[in-house]
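**Student:** the following comprises the amino acid sequence and a computationally predicted model.
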Amino acid sequence: MYDVVIIGAGVSGASTARELSRYKARICVVEKCEDVCCGTSKANSAIVHGGFDAETGSLMARLNLRGNLMMDKLCDDLDIPFKRNGSLVVCTDPEKLGDLYALYDRGLANGVRGLEVITDRNRLLEMEPNLADGVCAALHAPTGGIINPFVMNIAMAENANENGVEFRFNTEIMDIEKCEGGFVLHSENGNIKTRCVVNAAGLYTDKFHNIFAEKKIKIIPRRGDYYLLDKTAGQYVSKTVFELPNKMGKGVIVTPTVDGNLLVGPTAIDVTDKEATNTTGEGLDIVLEKSKHTVKNIPMRQVITSFAGLRAHEQGHEFIIGELSEALGFFDCAAIESPGLTAAPAIGEMLADLIKKRLGLEEKDDFIATRKAVFDPSGLSEGERTKLIKEKPEYGTIVCRCEMISAGEIIEAIHRPLGAKTLDGIKRQVRAGSGRCQGGFCTPKVMEIIAKELNMEMCDLTKSGKESRIVLGRNKDWI
Amino acid sequence: MKYDIVIIGGGPAGLAAGKAAKQAGADSILILERDHELGGILNQCIHNGFGLHTFKEELTGPEYAERFIDKVCELGIEYKLNTMVMHIEKNKRVVAMNSSDGMFSIEAKSIILAMGCRERPRGSLNIAGYRPAGIFSAGTAQRLVNIEGFMTGREVVILGSGDIGLIMARRMTLEGAKVKAVAELMPYSGGLKRNIVQCLDDYGIPLKLSHTVVDIRGKERVTGVTIAEVDENFKPIAGTEEDFDCDTLLLSVGLIPENELSKEIGIEMNPVTNGPLVNDRLETSCEGVFACGNVLHVHDLVDYVSEEAALAGKNAARYVKKGSGAKAEQNITIEGKNGVRYTVPSTVNPELMEDFVTVRFRVGGVYKDRYISVKLDGEEIIRRKRPVMAPSEMEDIKLHKAKLCEKPEAKSITISIEEG
């Protein structure tokens, strides 16, 4: 029997796992997909929010601010790419200046530091020369940031794993029942018993919550379509540029990513299918149209991909975190929509604290607080790189030409504690295939490396697990 | 390391440039190739039809490459395989890397850019839908099928009628897949006429002109796509949607010259071709740096790549021996007008030019029974009738030195499409 089973290896599940791994306990994370970071955590704005948007006094506001403040140390400890580039919420209608000041006031009440409303357009243009012509004022939040959400998720999961947390992939939980001393989770691969459950199942948290809770919740998948532009457009803005928020969310943003691309999106379209991460023509058109209000002449010819993610929206628009009184030992981590990524470190901390008290857990004395990222040779001098290649020739072969990723980095990504097993897994770990040719050149080579390192058949390799096989047979198999 | 000429890319352009440079008297030449063999993309083009102009016979891609590789070896031209050029610098220092030498730099007197091109990915088309496995650019599928021996799928729809897409329609059919349709956004094909006949018509594969993919279905692997007709603004027409069940979508929607290195040293680019602007010696705005092949502008026939690259090689050799000798004020600009989208080169120097210069260009639409008109400072010097011109088939005209020297003060040449 486990002490804690966490359902979901997204960013909240991974954060909770890592925080819990500070304690002496048997912990397991179960994930329905083949890897960590496969749901909402992989398709979002990759923003560390300042914390001025959430309603003052809400859990969302508190955890946003706390998460933001924790981010520097976390990223330092776990070697996660993070940059405080600052954000601007821009106002394009002088009549809505009041809304901008209201946001400023809310930010102050929420405890956000450094906020400033700038009404001098020239000053704004000095900060961000490509702002749209109609921009008349902006709220500047210097504590806003950008982060690599994949690496953040992977890093916390890896660190948890190194501290003893078990991970079970391709394990979907079908049902949960109470049993003597805890719960039994029914999965495709058999039953799992545990004293405590953390419901961090993202879009599916309502399913597990509603098994026990009297007050039912309903998670509504709220789709966000995005455009991602080439690194050649990555400098088009330096700060994250927001529209004034509306009732559906924070609007369309234009932001650099921490890896140097430009990201434009999202929409906010409520859908019913929790797997419907398809973009739509209308959605992408909305992104295009709305982004023009804040930033002008975005070089859309440099779009390299578009994608959509689903937010786990709940009508109360508040994080649902805590123990169910109807089922002691069952902890919700539900309705984690924006600013969920920012809040994740604080969510993990909060849940770990509650569970520690519930189970009376003791702290370990051998907790490993740090983790090193996949080694990135790009910063080495010519001489240092040659020395590395003499020892490890795989670092001398560039596989992904757009991102200049060597075979050495890909091989390391495969052999990490929770190593990548798929094309998308490699992409999230080391960016091979995420550049301007979108894997056109490196796909066959990455496939060869995965097949060799994991001793797999080419035909069994997948893009993202399950039935997503890349090649389906050998030539003439079907003649 | 020091070389007279460093050639970046060992595909058809790099090989032909190397051969010509050596034959023009350059001593030390080094070809840097990132793949494990010379020949570039020709190695995966196992169909025939190469070399009709160059060798007066029909060769496969690997055979065509072999002719040049043999020559390069015979001439003792050095090359390094599995070698990636990481950076180039304005002073012509080339920084490269491979697994045996590590990271190293070469001082070159001249650089020939021959990096080729890449395929436009799905993302740049904004096709809505899911992002499952089973979506490949045609060239990636070609590599998987022709070199690795793996089938990307059983039931295929192809978007784009570029030559690689057409060739892959036939390849996939021959290897046992069912190709259900080729959709083309434009009202005309992006590929050569002969490929439409030999790769689609002969196998009964429908070519749907003015159609595009509007939806991709399948959460893990592609399960189908929706194709719709488009209006004159390329917007899908509601009500014309047709669903195709398939497990594979191949994209043959254009090629982009790979000029990341060129941009590193600030070479001036042509926004139409996405390749460098060059003079009649195929020299870029950076003195002593030449460009040829698909990195300069995308070609439809490799024979023309070889011809163009030979010119770059010869001029690089001359540059190494004699320096540039060119004065900018001697240049006559060449501009495409009225249906001519671009020209390569974009300037010609009557003093330094050979007896004639071949100007290659593409037209922006399908034209029947029109004339190509070349004007020197407004005065027509060439008028040639063409029964059919299309964007998919590169055109060329020859400018003769004697003619240009008749007007020593001339400043500009325009090439345009005219009626009657």
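**Tutor:** Ah, there it is.
**Student:** let me see the contact set for the spatially most central residue of chain B.
**Tutor:** The centroid of chain B falls nearest to B:Val298 when counting by Cα atoms, centre = their mean (2.3 Å). Residues near B:Val298 by Cβ atoms under 8 Å, 6 or more residues apart in numbering or on different chains: B:117, B:255, B:257, B:273. Backbone N, C-alpha and C define where each C-beta goes, glycine included.
**Student:** repeat for B:Tyr79
**Tutor:** B:10, B:18, B:30-33, B:38, B:72.
**Student:** which ones among those map onto strands?
**Tutor:** Of the positions in those, B:30-32 sit in strands, assigned by DSSP state E.
**Student:** so what are the domain limits for chain B?
**Tutor:** B:1-119+B:255-325, B:121-253, B:330-420 (automatic domain parsing).
**Student:** give me the number of residues near A:Lys364?
**Tutor:** 14 (other Cβ atoms under 10 Å in any protein chain shown).
**Student:** doesn't A:Ala25 make contact with it?
**Tutor:** No: assessed by Cβ atoms under 8 Å, A:Lys364 is found out of contact with A:Ala25, at 9.1 Å.
**Student:** chain A contacts on the stretch 1-150 of chain B?
**Tutor:** B:34, B:82, B:84, B:86, B:95, B:97-105, B:118-119, B:121-124, B:126, B:128-134, B:136-137, B:139-140, B:143-145, B:147-150 (Cβ under 8 Å from any Cβ of the partner chain).
**Student:** and those, which of them are buried?
**Tutor:** Listed as buried from the residues of the stretch 1-150 of chain B next to chain A are B:34, B:82, B:84, B:86, B:97-99, B:101-104, B:118-119, B:121-124, B:126, B:128-134, B:136-137, B:139-140, B:143-145, B:148, B:150; burial here means 16 or more other Cβ atoms under 10 Å in any protein chain shown.
**Student:** still on that earlier bit, turn the contacts of B:Tyr79 into CSV, including neighbour count and pLDDT.
**Tutor:** Listed next are the contacts of B:Tyr79 as CSV, based on neighbours: other Cβ atoms under 10 Å in any protein chain shown; pLDDT from 0 to 100:
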residue, neighbour count, pLDDT
B:Gly10, 28, 98
B:Gly18, 31, 98
B:Leu30, 22, 98
B:Ile31, 26, 98
B:Leu32, 25, 98
B:Glu33, 25, 98
B:Leu38, 24, 98
B:Val72, 23, 98
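**Student:** okay, the residues you listed in TSV with distance to A:Asp99 next?
**Tutor:** Listed next are those as TSV, based on distance: Cβ to Cβ, whole Å:
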residue	distance to A:Asp99
B:Gly10	60
B:Gly18	65
B:Leu30	63
B:Ile31	62
B:Leu32	57
B:Glu33	59
B:Leu38	63
B:Val72	68
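**Student:** just the strands in the stretch 1-150 of chain B please.
**Tutor:** For the stretch 1-150 of chain B, applying DSSP state E, counting those that start in this stretch gives strands covering B:2-8, B:29-32, B:48-50, B:59-60, B:78-80, B:84-88, B:93-98, B:102-113, B:117-119, B:135-137, B:150-151.
**Student:** do the stretch 101-250 of chain A as well
**Tutor:** A:116-118, A:137-141, A:145-147, A:166-168, A:173-179, A:182-187, A:190-199, A:219-229, A:240-242.
**Student:** need those strands in a markdown table with mean neighbour count, can you?
**Tutor:** Supplementary listing: the strands of the stretch 101-250 of chain A in a markdown table, determined by neighbours: other Cβ atoms under 10 Å in any protein chain shown:
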| stretch | mean neighbour count |
| --- | --- |
| strand A:116-118 | 15 |
| strand A:137-141 | 25 |
| strand A:145-147 | 23 |
| strand A:166-168 | 17 |
| strand A:173-179 | 15 |
| strand A:182-187 | 19 |
| strand A:190-199 | 21 |
| strand A:219-229 | 24 |
| strand A:240-242 | 26 |
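**Student:** among the ones you listed, which comes closest to chain B?
**Tutor:** strand A:219-229 (7.3 Å; Cβ to the nearest Cβ).
**Student:** how far off centre is that closest one?
**Tutor:** Counting by Cα atoms, centre = their mean, to the nearest Å, strand A:219-229 is centred 13 Å from the centre of its parent chain.
**Student:** which strands and helices lie in contact with that strand?
**Tutor:** With contacts taken as 3 or more Cβ pairs under 8 Å, 6 or more residues apart in numbering or on different chains; DSSP states H and E, strand A:219-229 sits against strand A:262-265, strand A:269-270, helix A:281-294, strand A:303-314.
**Student:** let me know the angle separating that strand from strand A:303-314.
**Tutor:** Put simply, strand A:219-229 runs at 160 degrees to strand A:303-314, going by axes from the mean of the first three to the mean of the last three Cα atoms, to 10 degrees.
**Student:** partner strands of strand A:219-229, with direction?
**Tutor:** Sheet pairing of strand A:219-229 (DSSP bridges) gives strand A:262-265 (antiparallel), strand A:269-270 (antiparallel), strand A:303-314 (antiparallel).
**Student:** quick one: average pLDDT of the second one?
**Tutor:** The reference is to strand A:269-270. For strand A:269-270, mean pLDDT is 96.
**Student:** what does stretch A:2-19 give?
**Tutor:** 98.
**Student:** now do the strand or helix carrying A:Leu74 against strand A:137-141, angle only.
**Tutor:** If you go by DSSP states H and E, A:Leu74 is part of helix A:59-78. Here the directions of helix A:59-78 and strand A:137-141 differ by 50 degrees (the same axes, to 10 degrees).
**Student:** which helices and strands does helix A:59-78 pack with?
**Tutor:** By 3+ Cβ pairs under 8 Å, 6+ apart, helix A:59-78 packs against strand A:47-48, strand A:82-83, helix A:97-110, strand A:145-147, helix A:149-162, helix A:340-359.
**Student:** contacts for that helix, please.
**Tutor:** Applying Cβ under 8 Å, 6+ apart, the external contacts of helix A:59-78 come out as A:48-51, A:53-55, A:80-82, A:110-112, A:143, A:145, A:147, A:152, A:155-156, A:159, A:317-319, A:321, A:339, A:342-347, A:349-350, A:369-371.
**Student:** flag every buried residue along that helix.
**Tutor:** A:59-68, A:70-71, A:74-75, A:78.
**Student:** pull the residues that contact the strand or helix carrying B:Ile413.
**Tutor:** For B:Ile413, the host element (DSSP H and E) is strand B:412-418. Contact partners of strand B:412-418, identified using Cβ under 8 Å, 6+ apart, comprise B:332-340, B:343, B:348, B:359, B:361, B:363, B:367, B:370-377, B:383, B:389, B:397, B:399.
**Student:** so which of those are in helices?
**Tutor:** When DSSP state H defines the helices, the subset of the contacts of strand B:412-418 inside them is empty.
**Student:** and those, which are buried?
**Tutor:** By 16+ other Cβ under 10 Å, the contacts of strand B:412-418 give B:332, B:334, B:336, B:339-340, B:343, B:348, B:359, B:361, B:363, B:367, B:370-376, B:389, B:397, B:399 as buried.
**Student:** this completes my enquiry, with thanks.
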